[in-house]
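1. give me a 3D structure for the following:
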Amino acid sequence: MASSETQGCGFISHTRWNSTMETIQCQKPLLCYPVAGDQFVSCKFIVEVRKIGVKISGFGHNDVEEDVKKVTDDGEMNARLMRLSKDHGRRG
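-> This is a model prediction of the structure:
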């Protein structure tokens, strides 16, 4: 899903680890929507530690638009994703 060519701006994810790893491999920033359990910890790791995504702030039109802008306009986020993807490929 994350590797789809139509998925250009980012990937909305509940932040389970398999989705997160697929998204990193495909170099797509994450729009995190944790729902339960360890998803909140994963979201925090993605947003605050690795800085490769944002937590969705709401589902209103303006909220979604702002969150998508954050991931599409952040060149440093994309550079971090590229580095992580390359590092993961060397280990895989």
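
2. could I get the pLDDT score of the residue positioned nearest the centre of the chain?
-> Centroid check for the chain by CA atoms, centre = their mean gives residue 30 as the closest residue, at 1.4 Å. Per-residue pLDDT puts residue 30 at 93.

3. what's around the nearest residue to it once chain neighbours are set aside, how many residues?
-> Spatial nearest neighbour of residue 30, chain neighbours left out: residue 53 (3.0 Å); criterion: CB to CB, 6 or more residues apart in numbering. Bear in mind the C-beta positions are built from the backbone N, C-alpha and C, glycine included. Applying other CB atoms under 10 Å, we find 29 residues neighbouring residue 53.

4. pull the longest helix from the chain.
-> Secondary structure of the chain per DSSP state H: the longest helix is helix 75-91.

5. quick one: buried residues of stretch 71-90?
-> 71, 74, 77-78, 80-81, 84-85 (16 or more other CB atoms under 10 Å).

6. pull the CA atoms of the longest helix of the chain into PDB?
-> In PDB, the C-alpha atoms belonging to helix 75-91 read as follows (Å, rounded to 0.1, in the frame of the first residue of the first chain):
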ATOM      1  CA  GLY A  75      12.600  18.500   3.200                       C
ATOM      2  CA  GLU A  76      14.600  17.400   6.300                       C
ATOM      3  CA  MET A  77      11.900  14.800   7.000                       C
ATOM      4  CA  ASN A  78      12.300  13.400   3.500                       C
ATOM      5  CA  ALA A  79      16.100  13.300   3.900                       C
ATOM      6  CA  ARG A  80      15.800  11.400   7.200                       C
ATOM      7  CA  LEU A  81      13.500   8.900   5.500                       C
ATOM      8  CA  MET A  82      16.000   8.400   2.700                       C
ATOM      9  CA  ARG A  83      18.800   7.700   5.300                       C
ATOM     10  CA  LEU A  84      16.600   5.300   7.300                       C
ATOM     11  CA  SER A  85      15.600   3.500   4.200                       C
ATOM     12  CA  LYS A  86      19.200   3.000   3.100                       C
ATOM     13  CA  ASP A  87      20.300   1.900   6.600                       C
ATOM     14  CA  HIS A  88      17.400  -0.600   6.800                       C
ATOM     15  CA  GLY A  89      18.300  -1.900   3.300                       C
ATOM     16  CA  ARG A  90      21.900  -2.600   4.400                       C
ATOM     17  CA  ARG A  91      20.700  -4.600   7.400                       C
END
